[in-house]
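Enquirer: Need coordinates for the following:
(chains A and B)
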Number of protein chains: 2
Amino acid sequence: MIKIVIGIDIGGTNTVFGAVNLEGDILIESSMPTNLYDNINDYLNHLSKAIDSVLNSISFNYKLIGIGIGAPNGNIYKGTIEYAPNLKWRGSVDFVKLFKKYYNVPMALTNDANAAALGEMMYGGAKNMKNFIEVTLGTGLGSGFVVNKKIIYGHNGFAGELGHISVDIDGRLCACGRKGCLETYASASGIKRTVLYELRKSNKNSLLRNIKAENLRSKDIYIAATKNDKIALNAFDFTGKILGLKLADAVAITEPEAIFLFGGLALSGDYILKPTLKYFEKFLLPIYKGQVNILLSELNNRNAAVLGAAALILTH
Amino acid sequence: MIKIVIGIDIGGTNTVFGAVNLEGDILIESSMPTNLYDNINDYLNHLSKAIDSVLNSISFNYKLIGIGIGAPNGNIYKGTIEYAPNLKWRGSVDFVKLFKKYYNVPMALTNDANAAALGEMMYGGAKNMKNFIEVTLGTGLGSGFVVNKKIIYGHNGFAGELGHISVDIDGRLCACGRKGCLETYASASGIKRTVLYELRKSNKNSLLRNIKAENLRSKDIYIAATKNDKIALNAFDFTGKILGLKLADAVAITEPEAIFLFGGLALSGDYILKPTLKYFEKFLLPIYKGQVNILLSELNNRNAAVLGAAALILTH
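Expert: Numbers count the residues shown, from 1 in each chain, chains lettered A, B, ... in the order given. You can find the predicted model right below:
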């Protein structure tokens, strides 16, 4: 009898899920659209059918020991998704309670960055670490803080919003309604804003001038950087400076052994890692210098969101 | 048989210690100079004699169950005092190991801000809280972060240096060698620097002009503020703005239920609390607004350092 966990990653467009064994192998994986279902009950009905069909295709004896869910604005204490701007379900969605009607197994739900942190700890670069920070550099900047092998969830389940610490109170407008949050600079969309600003401000030649603003992706900036494009390289340096400074601040709070960079922008590898490390070391308090690694996530090439969601059950 | 703990608070000038019962009453207290002893062994020899004499004066049957020590740059993992600039003993001092020769009881040592946080949790305003931050506003700014009733000590025991997060990388020179750390603005010495700067910059009347720079204390600024002195009131507002913003950042990391202000500057009461709260609420991420209290420590009128050091044994 092989024990399995279902890991579910709910994104704005698609929901990806998989059956994971205790060693962290994704045995089988599938997906379905998220944004076709305006009603949460319709969504859960279809999701359960899709999961059942995956489970039915498993050819060995298994026991389902739990379901872990990673979702934007997921709240571990309440099992809810709270006012997620990129999902169609408004307000606070009682996800775990509703989904328990379909599967009477242990279920836990948290936000995607916390799930990634758990995945890193169970299956990635943080396997032997007790204290680390996972930073997800996607459309926004998410974070999961691990202290003594446990996620810091906070008083109401809303800890780990590193993306919303302040870089400049008069800075770039943020989706949260305030100005100058870290994620408006250090994220896939943040570096895109930096590039667009630089393109407008200067007359420098750049490969990036050939791409329409609305089509520009952080991957394009990475590709331009590999071709020694100055605008792209400067944008990575600027992003690394702000990220390095704020990660140095985060170290002063939890003093981790390492910080892992995960997600779209982290796929730029050394182009984002090197400037971040350079400024990080420069800005660190002397007692921390040379003591804290910044590493690329070891989950970047795997389906970390599904693994992380599964890890939620295995560590809970 | 009454169980007691010895709590020791090592300061640059004096060492204060007391016998504390499990209810947090300081049964007997005493002190001795710290700075008379260049040699740590001489110091420990005298300290043990002073403690013995206090213990000998106890008239009831007791059992000594441990000794807790709060010291600048104290390291919980190693029981050491690490390169404390205000103490005469250079380098890394193996305090616990050396002091165990005198008392063969459980012993633990941490920095003063962590000790204050433990004192707040055992005997102060955080008695029923699982997640809070203790901020000590003295010569510097110290902090203890409590998550799930446990101090965040970090990978090497150096977590909780909120005083050294960056306000302005080109800002005021800090004792740590860098520029613009939070404690250069938000501390007893920080508000003094703000006042001295304002006095130089403007010609405004102020009661504080009558005090020589080297004699100015944060208490004088408080007294001037109670008399409606504009320079003093502006300095509290400026300090509260920077502190409020950075506490809002700290909330985005650990999402505490409350933040306690402790120490010299916190004795200014509403003069520091009100502007800090005003800007804190303004700068908070919307999901946190109205959810996190900033409170004055309930230990401000007690010997918190001794209580906190004792709490180290009782919670360890």
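Enquirer: Strands along the stretch 51-200 of chain A, start to end?
Expert: Counting by DSSP state E, counting those that start in this stretch, the stretch 51-200 of chain A has these strands, from start to end: A:62-70, A:74-75, A:80-82, A:92-93, A:107-110, A:132-137, A:141-147, A:150-151.
Enquirer: Distance to chain B and mean pLDDT for the ones you listed - can I get that in JSON lines?
Expert: Glycine gets a C-beta too; all of them are placed from N, C-alpha and C. Conversion of these to JSON lines gives the following (distance: least, CB to the nearest CB, whole Å; pLDDT from 0 to 100):
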{"stretch": "strand A:62-70", "distance to chain B": "18", "mean pLDDT": "96"}
{"stretch": "strand A:74-75", "distance to chain B": "10", "mean pLDDT": "94"}
{"stretch": "strand A:80-82", "distance to chain B": "8", "mean pLDDT": "94"}
{"stretch": "strand A:92-93", "distance to chain B": "12", "mean pLDDT": "94"}
{"stretch": "strand A:107-110", "distance to chain B": "13", "mean pLDDT": "96"}
{"stretch": "strand A:132-137", "distance to chain B": "8", "mean pLDDT": "96"}
{"stretch": "strand A:141-147", "distance to chain B": "5", "mean pLDDT": "96"}
{"stretch": "strand A:150-151", "distance to chain B": "7", "mean pLDDT": "96"}
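Enquirer: Can I get the ones you listed in CSV including mean neighbour count?
Expert: Written out in CSV, the entries for these read as follows (neighbours: other CB atoms under 10 Å in any protein chain shown):
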stretch, mean neighbour count
strand A:62-70, 21
strand A:74-75, 24
strand A:80-82, 21
strand A:92-93, 19
strand A:107-110, 24
strand A:132-137, 30
strand A:141-147, 27
strand A:150-151, 20
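Enquirer: Look up how far chain B lies from residue A:9.
Expert: Spatial separation of residue A:9 from chain B under the definition CB to the nearest CB, to the nearest Å is 22 Å.
Enquirer: Show me what the helix or strand containing that residue pairs with in its sheet, parallel or antiparallel.
Expert: With secondary structure defined by DSSP states H and E, residue A:9 is part of strand A:2-10. Applying DSSP bridges to the sheet, strand A:2-10 is found paired with strand A:14-21 (antiparallel), strand A:62-70 (parallel).
Enquirer: Pull out the buried positions in the helix or strand just after the shortest one.
Expert: On the C-terminal side of strand A:14-21, the closest following helix or strand by DSSP H and E is strand A:26-33. When burial is assessed from 16 or more other CB atoms under 10 Å in any protein chain shown, strand A:26-33 yields the following buried residues: A:26, A:32.
Enquirer: Parallel or antiparallel, list what pairs with strand A:26-33.
Expert: In the sheet containing strand A:26-33, the strands it pairs with under DSSP bridges are strand A:14-21 (antiparallel).
Enquirer: Identify all contacting residues around the partner strand.
Expert: Applying CB atoms under 8 Å, 6 or more residues apart in numbering or on different chains, the external contacts of strand A:14-21 come out as A:2-9, A:26-34, A:47, A:50-51, A:54-55, A:58, A:62, A:303, A:305-307, A:310.
Enquirer: what about 7 Å?
Expert: Contact partners of strand A:14-21, identified using CB atoms under 7 Å, 6 or more residues apart in numbering or on different chains, comprise A:2, A:4-9, A:26-34, A:47, A:51, A:54, A:58, A:303, A:305-307, A:310.
Enquirer: Now distance to residue A:179 too, for the strands paired with strand A:2-10, in TSV please.
Expert: Below are the strands paired with strand A:2-10 laid out as TSV (distance: least, CB to CB, whole Å):
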stretch	distance to residue A:179
strand A:14-21	32
strand A:62-70	29
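Enquirer: who are the neighbours in contact with the closest residue to residue A:80 other than its chain neighbours?
Expert: Nearest-residue entry for residue A:80: residue A:92, 5.1 Å, with adjacent residues in sequence omitted and distances by CB to CB, 6 or more residues apart in numbering or on different chains. Neighbouring residues of residue A:92 by CB under 7 Å, 6+ apart: A:80, A:82-83.
Enquirer: Mind doing that once more with 8 Å?
Expert: With contacts taken as CB under 8 Å, 6+ apart, residue A:92 has the following neighbours: A:78, A:80-83.
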